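A.B. asks: All I have is the shape, not the residue letters:
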(Lines give C-alpha, C1' and ligand atoms only; values in the text may rest on other atoms or scores of the structure.)
Protein backbone atom coordinates (compact mmCIF):
# COMPACT_ATOMS: atom_id res chain seq x y z
CA UNK A 1 0.00 0.00 0.00
CA UNK A 2 2.82 2.35 0.85
CA UNK A 3 6.54 2.28 1.48
CA UNK A 4 5.99 2.48 5.26
CA UNK A 5 3.28 1.68 7.74
CA UNK A 6 2.82 5.39 8.44
CA UNK A 7 1.87 6.07 4.84
CA UNK A 8 -0.20 2.89 4.69
CA UNK A 9 -2.18 3.98 7.71
CA UNK A 10 -3.20 7.15 5.94
CA UNK A 11 -4.58 5.44 2.87
CA UNK A 12 -7.49 3.13 2.46
CA UNK A 13 -6.47 -0.46 2.13
CA UNK A 14 -9.41 -1.34 0.04
CA UNK A 15 -8.42 0.77 -2.84
CA UNK A 16 -5.38 1.65 -4.94
CA UNK A 17 -3.28 4.63 -3.84
CA UNK A 18 -4.42 6.65 -6.84
CA UNK A 19 -6.88 5.97 -9.60
CA UNK A 20 -5.04 4.76 -12.70
CA UNK A 21 -7.69 6.47 -14.80
CA UNK A 22 -7.06 9.77 -13.05
CA UNK A 23 -3.30 9.43 -13.49
CA UNK A 24 -3.78 8.61 -17.16
CA UNK A 25 -6.03 11.64 -17.61
CA UNK A 26 -3.44 13.87 -15.92
CA UNK A 27 -0.66 12.45 -18.08
CA UNK A 28 -2.54 13.02 -21.32
CA UNK A 29 -4.07 16.41 -20.56
CA UNK A 30 -1.31 18.14 -18.61
CA UNK A 31 1.84 16.70 -20.15
CA UNK A 32 0.73 15.93 -23.67
CA UNK A 33 2.96 12.84 -23.55
CA UNK A 34 2.32 9.23 -24.36
CA UNK A 35 1.02 7.27 -21.34
CA UNK A 36 1.44 3.51 -20.92
CA UNK A 37 0.22 1.06 -18.29
CA UNK A 38 0.98 -2.60 -17.83
CA UNK A 39 -2.00 -4.99 -17.85
CA UNK A 40 -1.68 -6.80 -14.53
CA UNK A 41 -4.30 -8.85 -12.73
CA UNK A 42 -4.44 -11.04 -9.63
CA UNK A 43 -6.26 -14.33 -9.04
CA UNK A 44 -8.05 -14.80 -6.70
CA UNK A 45 -9.25 -11.33 -5.70
CA UNK A 46 -10.01 -12.50 -2.16
CA UNK A 47 -8.35 -15.18 -0.03
CA UNK A 48 -10.26 -17.04 2.68
CA UNK A 49 -8.14 -19.33 4.87
CA UNK A 50 -9.93 -22.09 6.77
CA UNK A 51 -9.38 -22.73 10.50
CA UNK A 52 -5.88 -24.11 11.00
CA UNK A 53 -4.82 -23.36 7.42
CA UNK A 54 -1.39 -21.73 7.35
CA UNK A 55 -0.60 -21.44 3.63
CA UNK A 56 -2.28 -19.90 0.60
CA UNK A 57 -1.30 -18.68 -2.85
CA UNK A 58 -2.27 -16.15 -5.48
CA UNK A 59 -1.19 -15.61 -9.08
CA UNK A 60 -0.07 -12.29 -10.54
CA UNK A 61 -0.77 -12.36 -14.28
CA UNK A 62 1.01 -10.14 -16.79
CA UNK A 63 -1.39 -9.55 -19.66
CA UNK A 64 0.85 -6.94 -21.27
CA UNK A 65 3.28 -7.18 -24.16
CA UNK A 66 6.48 -6.63 -22.18
CA UNK A 67 7.92 -8.06 -19.00
CA UNK A 68 7.22 -6.28 -15.75
CA UNK A 69 8.51 -6.44 -12.19
CA UNK A 70 6.34 -6.48 -9.07
CA UNK A 71 6.81 -6.16 -5.33
CA UNK A 72 4.49 -8.01 -2.95
CA UNK A 73 3.95 -7.04 0.68
CA UNK A 74 1.43 -8.04 3.34
CA UNK A 75 0.00 -5.76 6.02
CA UNK A 76 -2.21 -6.49 9.00
CA UNK A 77 -5.58 -4.85 8.34
CA UNK A 78 -7.77 -3.29 11.00
CA UNK A 79 -10.43 -0.61 11.20
CA UNK A 80 -10.12 2.22 13.70
CA UNK A 81 -12.49 5.18 13.98
CA UNK A 82 -14.29 3.96 10.87
CA UNK A 83 -11.13 4.01 8.75
CA UNK A 84 -9.11 1.17 7.21
CA UNK A 85 -5.64 0.91 8.71
CA UNK A 86 -2.73 -1.10 7.36
CA UNK A 87 0.21 -1.81 9.64
CA UNK A 88 3.36 -3.83 9.14
CA UNK A 89 3.10 -7.41 10.33
CA UNK A 90 5.65 -10.18 10.55
CA UNK A 91 2.99 -12.87 10.87
CA UNK A 92 2.71 -13.48 7.12
CA UNK A 93 5.70 -14.57 5.02
CA UNK A 94 5.65 -13.83 1.28
CA UNK A 95 7.51 -15.82 -1.36
CA UNK A 96 8.72 -14.32 -3.59
CA UNK A 97 8.51 -10.70 -2.40
CA UNK A 98 9.98 -9.52 -5.73
CA UNK A 99 9.46 -11.03 -9.17
CA UNK A 100 9.83 -10.28 -12.87
CA UNK A 101 6.97 -11.62 -15.00
CA UNK A 102 7.28 -12.27 -18.73
CA UNK A 103 4.47 -11.09 -21.06
CA UNK A 104 1.57 -13.52 -20.99
CA UNK A 105 3.00 -15.33 -17.96
CA UNK A 106 1.95 -15.60 -14.31
CA UNK A 107 3.89 -15.57 -11.05
CA UNK A 108 2.60 -17.68 -8.17
CA UNK A 109 3.02 -15.90 -4.82
CA UNK A 110 2.82 -18.02 -1.68
CA UNK A 111 1.66 -16.75 1.71
CA UNK A 112 2.57 -18.50 4.97
CA UNK A 113 1.14 -17.70 8.40
CA UNK A 114 3.55 -17.93 11.33
CA UNK A 115 0.62 -18.22 13.75
CA UNK A 116 -3.02 -19.04 13.07
CA UNK A 117 -5.89 -16.99 14.49
CA UNK A 118 -7.27 -18.26 17.78
CA UNK A 119 -10.55 -16.63 18.83
CA UNK A 120 -11.21 -13.95 16.19
CA UNK A 121 -10.66 -13.83 12.44
CA UNK A 122 -7.37 -12.20 11.40
CA UNK A 123 -7.47 -9.81 8.44
CA UNK A 124 -4.62 -8.85 6.12
CA UNK A 125 -4.10 -7.01 2.84
CA UNK A 126 -1.71 -8.22 0.15
CA UNK A 127 -0.37 -5.20 -1.73
CA UNK A 128 1.02 -5.87 -5.21
CA UNK A 129 3.00 -2.94 -6.61
CA UNK A 130 4.28 -2.77 -10.14
CA UNK A 131 7.89 -1.61 -10.43
CA UNK A 132 7.93 0.39 -13.68
CA UNK A 133 10.96 -0.02 -15.96
CA UNK A 134 12.94 2.95 -17.30
CA UNK A 135 11.06 4.68 -20.10
CA UNK A 136 12.08 6.67 -23.13
CA UNK A 137 11.79 10.45 -23.26
CA UNK A 138 8.25 11.70 -23.76
CA UNK A 139 6.63 8.63 -22.18
CA UNK A 140 4.79 8.49 -18.86
CA UNK A 141 4.84 5.06 -17.23
CA UNK A 142 1.87 4.32 -14.96
CA UNK A 143 2.62 1.95 -12.10
CA UNK A 144 -0.30 -0.16 -10.92
CA UNK A 145 -1.19 -1.14 -7.36
CA UNK A 146 -3.56 -3.91 -6.34
CA UNK A 147 -4.89 -4.71 -2.87
CA UNK A 148 -6.19 -8.20 -2.07
CA UNK A 149 -8.02 -8.99 1.21
CA UNK A 150 -6.93 -12.09 3.15
CA UNK A 151 -9.01 -13.53 5.97
CA UNK A 152 -7.68 -16.24 8.29
CA UNK A 153 -10.41 -18.04 10.19
CA UNK A 154 -9.82 -18.72 13.92
CA UNK A 155 -9.74 -22.21 15.39
CA UNK A 156 -12.92 -21.45 17.35
CA UNK A 157 -16.14 -21.36 15.36
CA UNK A 158 -17.35 -17.78 14.96
CA UNK A 159 -19.62 -15.54 12.90
CA UNK A 160 -20.34 -11.88 12.26
CA UNK A 161 -22.88 -10.16 14.49
CA UNK A 162 -24.07 -6.81 13.16
CA UNK A 163 -25.92 -4.04 14.96
CA UNK A 164 -27.17 -0.90 13.18
CA UNK A 165 -28.16 2.59 14.20
CA UNK A 166 -28.23 6.10 12.72
CA UNK A 167 -26.46 9.04 14.30
CA UNK A 168 -25.55 12.59 13.39
CA UNK A 169 -22.25 14.40 13.60
CA UNK A 170 -21.62 18.04 12.67
CA UNK A 171 -24.98 18.28 10.93
CA UNK A 172 -24.57 15.11 8.84
CA UNK A 173 -26.29 11.79 9.34
CA UNK A 174 -24.59 8.39 9.17
CA UNK A 175 -25.62 4.76 9.04
CA UNK A 176 -23.45 3.11 11.69
CA UNK A 177 -22.74 -0.62 11.71
CA UNK A 178 -21.03 -2.40 14.62
CA UNK A 179 -19.68 -5.91 14.10
CA UNK A 180 -19.58 -7.49 17.55
CA UNK A 181 -18.81 -10.93 16.13
CA UNK A 182 -15.56 -12.69 15.39
CA UNK A 183 -15.73 -12.71 11.58
CA UNK A 184 -15.92 -10.01 8.90
CA UNK A 185 -19.04 -9.16 6.94
CA UNK A 186 -19.74 -7.28 3.73
CA UNK A 187 -22.57 -4.76 3.34
CA UNK A 188 -23.74 -3.78 -0.16
CA UNK A 189 -26.69 -1.91 -1.68
CA UNK A 190 -27.80 -0.38 1.62
CA UNK A 191 -30.99 1.70 1.43
CA UNK A 192 -33.13 3.45 4.05
CA UNK A 193 -36.80 4.45 4.07
CA UNK A 194 -37.92 7.17 6.48
CA UNK A 195 -41.28 7.36 8.23
CA UNK A 196 -42.51 9.92 5.69
CA UNK A 197 -41.56 7.69 2.77
CA UNK A 198 -38.26 9.25 1.75
CA UNK A 199 -35.77 6.81 0.28
CA UNK A 200 -32.11 7.41 1.16
CA UNK A 201 -28.99 5.73 -0.13
CA UNK A 202 -25.93 5.80 2.15
CA UNK A 203 -22.66 6.57 0.37
CA UNK A 204 -21.24 3.58 -1.49
CA UNK A 205 -17.74 5.04 -1.82
CA UNK A 206 -16.47 3.47 1.40
CA UNK A 207 -15.21 -0.09 1.66
CA UNK A 208 -18.09 -2.57 2.11
CA UNK A 209 -16.06 -4.66 4.58
CA UNK A 210 -16.75 -4.58 8.32
CA UNK A 211 -14.02 -6.42 10.16
CA UNK A 212 -14.52 -8.40 13.35
CA UNK A 213 -14.89 -6.05 16.32
CA UNK A 214 -14.99 -2.96 14.10
CA UNK A 215 -17.46 -0.12 13.50
CA UNK A 216 -18.09 1.54 10.14
CA UNK A 217 -20.02 4.68 9.19
CA UNK A 218 -21.63 5.47 5.85
CA UNK A 219 -22.69 9.06 5.18
CA UNK A 220 -26.38 9.57 4.35
CA UNK A 221 -26.83 12.37 1.79
CA UNK A 222 -29.82 14.43 2.90
CA UNK A 223 -30.70 18.14 2.88
CA UNK A 224 -32.51 17.89 6.21
CA UNK A 225 -32.25 15.70 9.33
CA UNK A 226 -33.05 12.06 8.62
CA UNK A 227 -35.36 11.78 11.65
CA UNK A 228 -35.53 12.79 15.28
CA UNK A 229 -33.96 10.70 18.03
CA UNK A 230 -36.01 7.67 19.00
CA UNK A 231 -37.56 7.23 15.54
CA UNK A 232 -36.83 4.24 13.36
CA UNK A 233 -36.10 3.74 9.67
CA UNK A 234 -36.31 0.63 7.52
CA UNK A 235 -32.94 -0.65 6.35
CA UNK A 236 -32.43 -3.10 3.49
CA UNK A 237 -29.05 -4.35 2.27
CA UNK A 238 -27.14 -7.39 1.04
CA UNK A 239 -24.48 -9.24 2.99
CA UNK A 240 -22.46 -12.39 2.41
CA UNK A 241 -24.84 -14.11 4.83
CA UNK A 242 -27.93 -13.06 2.87
CA UNK A 243 -30.49 -10.26 2.66
CA UNK A 244 -30.83 -7.72 5.49
CA UNK A 245 -34.17 -6.12 6.40
CA UNK A 246 -34.28 -4.48 9.83
CA UNK A 247 -35.64 -1.48 11.68
CA UNK A 248 -32.87 0.98 12.58
CA UNK A 249 -33.11 3.42 15.48
CA UNK A 250 -32.00 7.06 15.27
CA UNK A 251 -29.70 8.11 18.15
CA UNK A 252 -27.39 10.95 19.10
CA UNK A 253 -29.08 13.60 16.95
CA UNK A 254 -27.51 16.95 17.84
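C.D. replies: Received, thanks. What you are looking at is a predicted structure, and each value in this text was computed from that prediction instead of being measured. Residues are numbered from 1 along each chain as shown.

A.B. asks: Following the record's annotation, map out the domains of this structure.
C.D. replies: 5-152, 162-250 (automatic domain parsing).

A.B. asks: Dump the ones you listed to TSV, plus mean neighbour count.
C.D. replies: Yep, even glycine has a C-beta here, placed from its N, CA and C like the rest. Output for the domains of the chain, formatted as TSV (neighbours: other C-beta atoms under 10 Å):
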stretch	mean neighbour count
domain 5-152	16
domain 162-250	16
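
A.B. asks: just checking, which of those domains comes out with the lowest mean pLDDT?
C.D. replies: Of all the domains of the chain, mean pLDDT reaches its minimum on domain 5-152 (a mean of 79).

A.B. asks: ok now that one, how far from the chain's centre?
C.D. replies: 12 Å (C-alpha atoms, centre = their mean, to the nearest Å).

A.B. asks: sec struct for the nearest residue to residue 182 once chain neighbours are set aside, please.
C.D. replies: Leaving aside its sequence neighbours, residue 182 sits nearest to residue 158 (C-beta to C-beta, 6 or more residues apart in numbering; 3.2 Å). With DSSP: H, G, I helix; E, B strand; the rest coil as the basis, residue 158 sits in coil.

A.B. asks: how about residue 158, what does it touch?
C.D. replies: Counting by C-beta atoms under 8 Å, 6 or more residues apart in numbering, residue 158 touches 119-121, 181-183, 212.

A.B. asks: What pLDDT is listed against it?
C.D. replies: Reading off the model, residue 158 has pLDDT 92.

A.B. asks: next one: phi and psi at residue 182?
C.D. replies: Main-chain torsions, residue 182, degrees, to the nearest 10: phi -110, psi 10.

A.B. asks: Phi first, then psi, for residue 190.
C.D. replies: Torsion angles, degrees, to the nearest 10, at residue 190: phi -70, psi 140.

A.B. asks: Any figure for the gap between the spatially closest residue to it that is not a sequence neighbour and residue 155?
C.D. replies: Take residue 190 and drop its neighbours on the chain: the residue closest to it by C-beta to C-beta, 6+ apart is residue 237, 4.1 Å away. According to C-beta to C-beta, to the nearest Å, residue 237 stands 30 Å off from residue 155.

A.B. asks: Could I get the full set of strands for the stretch 1-150 of the chain?
C.D. replies: 34-37, 40-43, 47-49, 55-62, 68-80, 83-88, 92-95, 98-101, 106-113, 122-131, 139-142, 145-152 (DSSP state E, counting those that start in this stretch).

A.B. asks: follow-up on the earlier one: I'd like to know the beta-bridge partner residues of the residue nearest to residue 190.
C.D. replies: Note on residue 237: beta-bridge partners by DSSP bridges are residue 244.

A.B. asks: mind listing what it touches?
C.D. replies: 187-191, 243-244.

A.B. asks: With respect to residue 143, which of those is nearest?
C.D. replies: For those, the residue nearest residue 143 by C-beta to C-beta is residue 188; the value is 29.5 Å.

A.B. asks: The closest one contacts residue 208, correct?
C.D. replies: Yes: look at residue 188 against residue 208 with C-beta atoms under 8 Å: they come within range, at 5.3 Å.

A.B. asks: Quick check: bridge partners of the closest residue to residue 41 other than its chain neighbours?
C.D. replies: Of all residues not flanking residue 41 in the chain, residue 61 sits nearest, at 4.8 Å (C-beta to C-beta, 6+ apart). Per DSSP bridges, the residues bridged to residue 61 are residue 41, residue 106.
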